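Student: Kindly generate the corresponding structure for this input.
(2 chains)
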Amino acid sequence: MLIRHTAALAAMLLLGAAPLAQAADKPTDPQIAHIAYTAGVIDVEAAKLAIEKSKNKEVVDFARDMVRDHEAVNKQALDLVKKLKVTPEDNATSQALTKAAKEERSKLAKLKGAAFDKAYVENEVAYHKQVDGALETLLIPSASNAELKSLLETGLKIFQGHEQHAEHVAGMLK
Amino acid sequence: MMPGASKRRWRFAALAMALAATPAAAETIQVTIDKLVFSPATVKAKAGDTIEWVNKDVFAHTATVKGGWEVMIPPKASARLTLQKAEAVDYFCRFHPNMKGHIAMMP
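Tutor: Numbers count the residues shown, from 1 in each chain, chains lettered A, B, ... in the order given. Next up, the predicted model:
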């Protein structure tokens, strides 16, 4: 329930219902770069917590995959912003994402064993779904630089793949 | 006639005969991975052929057959598998199950 609520909140914030509506404009490339990078960092941090806490091989392997892929995609993002001489710009969406993730992490930190595994993996499914939605409906259509758009499209495929991978792991935990 | 030329002709004839006697020689078939896509998505092969996956991504991938073989394909690297059986298979990437490929068997 809580997970669903957090996810719904994150989706709302990501989709711009609250903060971006105030801005009334679609995000700029420096903001998009910051949001995408933040989304990756959040998943890496959640994964590091899982690697530390979980005793389940499937869960730990999955978390390691998350760290590896998101660090790789974020390295590409950093290389790209450097090349384009764009400075990622902090914004309300990034801040809302970070805040929601912090709450989720502190909630996960209190859980142990199978309860932790289940909550982590379910949140991974929900989180990736929300980021997919934001990439598809907001970030990719708003990106004006072609290289940034292309990187976001690769990011979308990565996130969609992780969502399916997380669903598979969730199925194994049942 | 120079002895060398005659020898060469004989060798050529032997090679031609050997090729005619064996069914099609084993081949290496390349599948490229770029931005999380196996390309071509379907390849035609026969038992004894080798599939070589060339990974252009910075991400690790796998070619995994459910209940069957798995090949790990590291970032920016290639990996190979020689097909032991004449068996058509669907494969996917275990890390990104939205990546799918197919190996069809030649008649």
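Student: going forward, measure contacts and count neighbours with C-alpha atoms only.
Tutor: Will do.
Student: Give the rounded mean pLDDT of stretch A:62-75.
Tutor: Stretch A:62-75 comes out with an average pLDDT of 97.
Student: Is there proximity between that stretch and chain B?
Tutor: Yes: Stretch A:62-75 reaches chain B (CA under 8 Å from any CA of the partner chain) through A:65, A:68-69, A:72-73.
Student: Now that stretch: buried residues?
Tutor: Buried positions in stretch A:62-75, judged by neighbour count with 16 or more other CA atoms under 10 Å in any protein chain shown: A:62-74.
Student: quick one on the thing from earlier: among the residues of stretch A:62-75 next to chain B, give me the pair with the biggest separation.
Tutor: Across the residues of stretch A:62-75 next to chain B, no pair lies farther apart than A:Asp65 and A:Val73, at 12.2 Å, counting by CA to CA.
Student: quick one: contacts of stretch A:53-70?
Tutor: By CA atoms under 8 Å, 6 or more residues apart in numbering or on different chains, the list of residues contacting stretch A:53-70 from outside reads A:40-41, A:43-44, A:47-48, A:50-51, A:112-113, A:116-117, A:121, A:158, A:162, A:165-166, A:169, B:59-60, B:95.
Student: show me what contacts the residue positioned nearest the centre of chain A?
Tutor: Nearest residue to the geometric centre of chain A (CA atoms, centre = their mean): A:Ala39, 3.6 Å. Applying CA under 8 Å, 6+ apart, we find A:Ala39 in contact with A:94, A:97, A:131.
Student: right, and the helix or strand after the helix or strand where it lies?
Tutor: If you go by DSSP states H and E, A:Ala39 is part of helix A:29-53. Sequence-wise, the next helix or strand downstream of helix A:29-53 (DSSP H and E) is helix A:57-84.
Student: so which residue of chain B comes closest to chain A?
Tutor: B:His96 (3.9 Å; CA to the nearest CA).
Student: Residues of chain A that sit close to chain B?
Tutor: A:65, A:68-69, A:72-73, A:154, A:157-158, A:160-162, A:164-165.
Student: Residue ranges in the chain under the pLDDT threshold?
Tutor: Because you didn't say which chain, this covers chain A. A:1-24 (pLDDT under 70).
Student: not what I meant, chain B
Tutor: Under the criterion pLDDT under 70, the flagged ranges of chain B are B:1-23.
Student: what's the nearest residue to B:Ala26 if we skip its chain neighbours?
Tutor: Excluding the flanking residues, the one nearest B:Ala26 by CA to CA, 6 or more residues apart in numbering or on different chains is B:Asp49, at 4.8 Å.
Student: no no, B:Ala86
Tutor: Per CA to CA, 6+ apart, closest to B:Ala86 is B:Ala47, 4.7 Å.
Student: I'd like to know how far the one you found sits from A:Asn74.
Tutor: From B:Ala47 across to A:Asn74, the span is 41 Å (CA to CA, to the nearest Å).
Student: same thing with A:Asn123?
Tutor: Distance, A:Asn123 to A:Asn74, by CA to CA: 21 Å.
Student: Quick one: name the residues of chain B near chain A.
Tutor: Residues of chain B found near chain A, taking CA under 8 Å from any CA as the criterion, are B:35-36, B:58-60, B:94-99.
Student: With distance to A:Ala146, secondary structure and neighbour count added, can I get those residues in JSON lines?
Tutor: What follows is the residues of chain B next to chain A, written out as JSON lines (distance: CA to CA, whole Å; DSSP: H, G, I helix; E, B strand; the rest coil; neighbours: other CA atoms under 10 Å in any protein chain shown):
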{"residue": "B:Lys35", "distance to A:Ala146": "15", "secondary structure": "coil", "neighbour count": "19"}
{"residue": "B:Leu36", "distance to A:Ala146": "18", "secondary structure": "coil", "neighbour count": "24"}
{"residue": "B:Val58", "distance to A:Ala146": "19", "secondary structure": "coil", "neighbour count": "18"}
{"residue": "B:Phe59", "distance to A:Ala146": "21", "secondary structure": "coil", "neighbour count": "22"}
{"residue": "B:Ala60", "distance to A:Ala146": "25", "secondary structure": "coil", "neighbour count": "21"}
{"residue": "B:Arg94", "distance to A:Ala146": "29", "secondary structure": "coil", "neighbour count": "22"}
{"residue": "B:Phe95", "distance to A:Ala146": "27", "secondary structure": "coil", "neighbour count": "24"}
{"residue": "B:His96", "distance to A:Ala146": "24", "secondary structure": "coil", "neighbour count": "23"}
{"residue": "B:Pro97", "distance to A:Ala146": "27", "secondary structure": "coil", "neighbour count": "23"}
{"residue": "B:Asn98", "distance to A:Ala146": "24", "secondary structure": "coil", "neighbour count": "20"}
{"residue": "B:Met99", "distance to A:Ala146": "24", "secondary structure": "coil", "neighbour count": "23"}
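Student: I'm done for today, thanks for sticking with me.
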